[in-house]
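[1] below are the sequence and a predicted model; questions follow.
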Amino acid sequence: MTKPEIRVRVAPSPTGDPHLGTAYQALFNYAFARGRAGRFILRIEDTDRARSSPESERAILESLRWLGLGWDEGPDVGGPYAPYRQSERTAIYREHATQLLAKGLAYRCFCTKERLDALRREGRAGYDRHCRVLPPAEAERRAQTGEPFVIRLATPTEGDCIFRDLLRGDIRKDWASIDDQVLQKTDGYPTYHLANVVDDHLMKVSHVIRGEEWLNSVPKHVLLYQGLGWDPPVFCHLPLLRNNDARRTKLSKRRNPTSIQYYRRAGFLPEALLNYLGLMGWTMPDGEEKFSVETMAKHLELERISLGGPVFDAEKLRWLNGRYLREDRDAAGLLKDLQVWALNPDYLSRIVPLVQPRLETLSDWGYLTAPFLSDTVPLDVAALTLKNRTPEEVKELLQMAIWRLEALRPFDVPGIERMFQDLALRSGLKLRELTVLFYVAISGASVWTPLYDSMVVLGSDLVRVRLRRAIDVLGGFSEKALRELEKKVASVPEETT
């Protein structure tokens, strides 16, 4: 009897920057498939219509290509189970949601947002199953009249769900602690849980290798597999990447750059970044820390992944990247890397028009372009000031800009200009006063090339990392202070400028 084909997938949501966690999960899926003559699938989970964007999808595909993690099936290359964007598969999910309704394994919920908000204010941990007792005929009648509804999973209210994780063995969850999950939203789009299960089955995914944050969702997925009459895949939940701090907190952009694009712009080699991600929770049999993806694929055994939260240490990544630059490159190879990274005509052609008006000699090129060709810039805390503003207020302005820039799509001059105008209006500052602060934070100097254009050339990821470092130079934020600032910002309506 032949073994079933190994088929694995990575399924990012195009709702922001391409994340290191996506690269981490993609690497283990890719290496597992390549080491077993399997298939590696890229699926785009874009059912969050409010937050998904084509720009984010392009960035994800471009980042994974830069890393060298090519896929066998996906939205751009097709495959036998196309389409590979969930937004193009909504009819498939509705068909399966209807099957679950017919079997009594799901039900329509007509509760309004106001009622659900009231439940949350009362401190309820989940939905109270108010609509679960509606007779099916009444629910059907209300749906036919056009009353908005979602479809919820009818989760058992007693007993246990037992499922197996490849790294943890059998796991038992009390059904009473599992909410009646929404499967289909009022707009007819599925939630992650329904789309994930349907796609994994129809795309014949054999192993689901993803982050451990999804462990608590597995009972819902198991129930869906059972309800639709399918065998579940092998589950393998990778340990979460952790910050290098005392509490080993979950890797977050508040403490580490988490965008793949940042590491590309900062001058890291793709093979070094992949090598380092491969060390997260796994080691080569001989203990060697420097290895290629091909070598990893030959030796990877999922069962040998360690569950001791892997710490992402940026300094160790720099050390490993340095080994690649010294050990794997001769002078010609290093020159080629430099040409690809920064000395290529496309990048230089964007910088030259910004620098040329300020040139008096060709040698001025050096100091004027240094911020474009660096990861970090030197920061003088004495220059990170605003007249009549405390350091705390300066930090708050920098942090508000980070949040606004992170949400800016596209990241272009008009959008950046509007952001600064709004920030100046909110803070009661003149625009010139505000931009001088950001010149210093981003370039290390109060005078540089045009700020907005220069920010676009650097890119959103690198700009935001520099602003975070400026905040750190000023003493940083405690978690409590950052939460308070988030509440403060959320309570203020946006200005029209």
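    Sure, I can see it.

[2] who are the packing partners of the strand or helix carrying L27?
    L27 is part of helix 20-34, with elements assigned from DSSP states H and E. Secondary-structure packing of helix 20-34 (3 or more C-beta pairs under 8 Å, 6 or more residues apart in numbering; DSSP states H and E): strand 7-10, strand 39-42, helix 54-67, strand 207-211, strand 234-238, helix 260-265, helix 270-278, helix 293-299. (Glycine included, C-beta is placed from N, CA and C.)

[3] among these, which is nearest L462?
    For L462, the closest of the helices and strands packed on helix 20-34 is helix 260-265, at 4.9 Å, according to C-beta to C-beta.

[4] starting at the chain centroid, how far to the closest one?
    Here the centre of mass of C-alpha atoms in helix 260-265, compared against the chain's by C-alpha atoms, centre = their mean, to the nearest Å, lies 13 Å away.

[5] output that helix as CSV, nothing but the C-alphas.
    What follows is helix 260-265 as a C-alpha-only set of coordinates in CSV (Å, rounded to 0.1, in the frame of the first residue of the first chain):
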residue,chain,number,x,y,z
ILE,A,260,10.3,40.2,6.7
GLN,A,261,10.7,43.3,4.6
TYR,A,262,12.6,45.1,7.4
TYR,A,263,15.3,42.3,7.4
ARG,A,264,15.6,42.6,3.7
ARG,A,265,16.0,46.3,3.8
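
[6] helices and strands around that helix, which ones?
    Helix 260-265 sits against helix 20-34, helix 54-67, helix 270-278, helix 460-473, with contacts defined as 3+ C-beta pairs under 8 Å, 6+ apart.

[7] quick one: the helices in the stretch 1-150 of the chain, in order.
    According to DSSP state H, counting those that start in this stretch, the stretch 1-150 of the chain carries its helices in the segments 20-34, 54-67, 90-102, 113-121, 136-144.

[8] among those, which comes closest to A401?
    With C-beta to C-beta as the measure, helix 54-67 is the member of those nearest A401 (19.7 Å).

[9] got the angle between that closest one and helix 460-473?
    For helix 54-67 and helix 460-473, the angle between their directions (axes from the mean of the first three to the mean of the last three C-alpha atoms, to 10 degrees) works out to 90 degrees.

[10] which parts of the stretch 301-450 of the chain are strands?
    Assigned strands in the stretch 301-450 of the chain, in chain order: 311-312 (criterion: DSSP state E, counting those that start in this stretch).

[11] give me the contacts around stretch 80-89.
    Stretch 80-89 is contacted from outside by 41-47, 49, 52, 73-75, 78, 93, 189-190, 195, 199, 202-204, using C-beta atoms under 8 Å, 6 or more residues apart in numbering.

[12] among these, which ones are buried?
    When neighbours are counted using 16 or more other C-beta atoms under 10 Å, the contacts of stretch 80-89 contain these buried positions: 41-47, 52, 73-75, 93, 189-190, 195, 199, 203.

[13] which of those fall in strands?
    Taking DSSP state E as the definition of strands, the buried ones among the contacts of stretch 80-89 contribute I41, L42.

[14] grab the nearest non-local neighbour of Y189.
    Nearest residue to Y189, sequence neighbours excluded (C-beta to C-beta, 6 or more residues apart in numbering): T47, at 4.8 Å.

[15] OK, contacts around that neighbour?
    Applying C-beta under 8 Å, 6+ apart, we find T47 in contact with Q86, S87, T90, Y189, P190, T191, Y192, A195.

[16] the second one and V182: what is the separation?
    Pointing back at S87 there. Distance, S87 to V182, using C-beta to C-beta, to the nearest Å: 17 Å.

[17] what helix or strand is D170 located in?
    strand 169-174.

[18] that strand: how far from the chain's middle?
    Centroid separation between strand 169-174 and its chain, computed with C-alpha atoms, centre = their mean, is 28 Å.

[19] contacts made by that strand with the rest, please.
    Surrounding strand 169-174, the residues in contact under the criterion C-beta under 8 Å, 6+ apart are D160, C161, I162, F163, R164, D165, L215, N216, V218, P219.

[20] following element in sequence after it, please.
    Note on strand 169-174: by DSSP H and E, the next helix or strand toward the C-terminus is strand 182-184.

[21] domains of this protein?
    The record's domain parsing of the chain by automatic domain parsing lists 7-87+241-319, 89-238, 381-490.

[22] between the helices and strands packed on helix 260-265, which one is nearest to A342?
    Closest to A342 of the helices and strands packed on helix 260-265, according to C-beta to C-beta: helix 460-473, at 12.1 Å.

[23] return the alpha-carbon coordinates of that closest one using PDB.
    As requested, C-alpha coordinates have been extracted for helix 460-473 and formatted as PDB (Å, rounded to 0.1, in the frame of the first residue of the first chain):
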ATOM      1  CA  SER A 460       7.300  51.700   6.000                       C
ATOM      2  CA  ASP A 461       9.100  48.900   7.800                       C
ATOM      3  CA  LEU A 462      12.400  50.600   8.200                       C
ATOM      4  CA  VAL A 463      10.900  54.000   9.000                       C
ATOM      5  CA  ARG A 464       8.800  52.500  11.900                       C
ATOM      6  CA  VAL A 465      11.800  50.600  13.300                       C
ATOM      7  CA  ARG A 466      13.800  53.800  13.400                       C
ATOM      8  CA  LEU A 467      10.900  55.600  15.200                       C
ATOM      9  CA  ARG A 468      10.700  52.800  17.700                       C
ATOM     10  CA  ARG A 469      14.500  53.100  18.400                       C
ATOM     11  CA  ALA A 470      14.000  56.800  18.900                       C
ATOM     12  CA  ILE A 471      11.400  56.000  21.500                       C
ATOM     13  CA  ASP A 472      13.800  53.600  23.200                       C
ATOM     14  CA  VAL A 473      16.500  56.300  23.300                       C
END
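
[24] so which bits of the next helix or strand after that helix are buried?
    Counting by DSSP H and E, the element after helix 460-473 in chain order, helix or strand, is helix 479-490. Neighbour-count burial for helix 479-490, with 16+ other C-beta under 10 Å as criterion, is recorded at L482, L485.

[25] could you do stretch 161-169 as well?
    Burial within stretch 161-169, assessed by neighbour count using 16+ other C-beta under 10 Å, is assigned to C161, F163, D165, L167.

[26] what about that stretch, start to end distance?
    The distance separating the two terminal residues of stretch 161-169, taken as C-alpha to C-alpha, to the nearest Å, comes to 14 Å.

[27] most tightly packed of the helices and strands packed on helix 20-34?
    Most buried of the helices and strands packed on helix 20-34, by mean neighbour count (mean count of other C-beta atoms under 10 Å): strand 7-10, with a mean of 25.

[28] which other residues reach that strand?
    Here strand 7-10 has contacts from 22, 25-26, 29-30, 32-33, 38-43, 64, 71, 200, 203-209, using C-beta under 8 Å, 6+ apart.
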